[in-house]
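Asker: Could you look at this predicted model? Sequence included:
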Amino acid sequence: MSKLNGLFSPTLRNIRLKLVAKEVESGKKVLDLGCGDGSLINLIQFSEYMGVDNDKEQIMCNLCKHSGVRNASFDWCNLNEELFLQGKYDVIVMSAVIEHLYFFPKILSNLSNVMEEKCKIIITTPTSKADEVLWFGSMLGLFSKGSLEEHSLYYKKTDFLNIWEWKLVKYKTFELGLNQLIVLEKNEGLK
């Protein structure tokens, strides 16, 4: 995924990450897919943190930048392909990620081997309302052009209501309705 080089892109990322951090309970094992520069690590209290991104250069920077953070690690992975991750996680974060992925339900399936039984998934993704605003803003240099070009899909609340084995426990729009926070938990009725 692209670097945040638009004028407002870092500010919008910080808003997203602060909302995500409020959903991460203290002391949990966290898998941060699409971790970017690893900024979430500074906003949460975790027992274990694994940041994964498809930008190898960014992962190398993160390994240096966060080398002194206890129980934190980073790895490279193409999220559109099979995930070869180890460990089990209580929380999986996908902040500004799923709009870049080709087939979100397959990604969920690929993650099943790294999820604790009561895993929670925290997602942020633009709403369809954001498409025109992102296009116009990227032309003016306000938002990252790369992010706009990489957006594969836009999701709406109903897309998260009927995901097999998952229950939508929180849904909230923010940034004037242009972005959305989704929290999914394993549906305990289905095992």
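Answerer: Okay, I see it. Bear in mind the structure is a predicted one, so any value in this text is a computation, not a measurement.

Asker: Against Tyr155, how distant is the residue nearest to Arg16 when sequence neighbours are not counted?
Answerer: Sequence neighbours aside, Thr124 is the residue nearest to Arg16 in space, at 4.7 Å (criterion: Cβ to Cβ, 6 or more residues apart in numbering). Where you see a C-beta, it was placed from the backbone N, CA and C, and this is true even at glycine. Thr124 is 11 Å from Tyr155, where distance means Cβ to Cβ, to the nearest Å.

Asker: can you list residues touching both of these two?
Answerer: Residues touching both Thr124 and Tyr155 by Cβ atoms under 8 Å, 6 or more residues apart in numbering: Gln180.

Asker: Quick check on the two: which one has the bigger neighbour count.
Answerer: Using other Cβ atoms under 10 Å, the more surrounded residue of Thr124 and Tyr155 is Thr124, with 25 against 17.

Asker: right, and that one touches Gln180 too?
Answerer: Yes. Thr124 is within contact range of Gln180, at 6.8 Å (criterion: Cβ atoms under 8 Å).

Asker: just to revisit the earlier point, following the helix or strand harbouring the residue nearest to Arg16, which helix or strand shows up next?
Answerer: Thr124 belongs to strand 115-126 when assigned by DSSP states H and E. Under the assignment DSSP H and E, the closest C-terminal helix or strand after strand 115-126 is helix 130-139.
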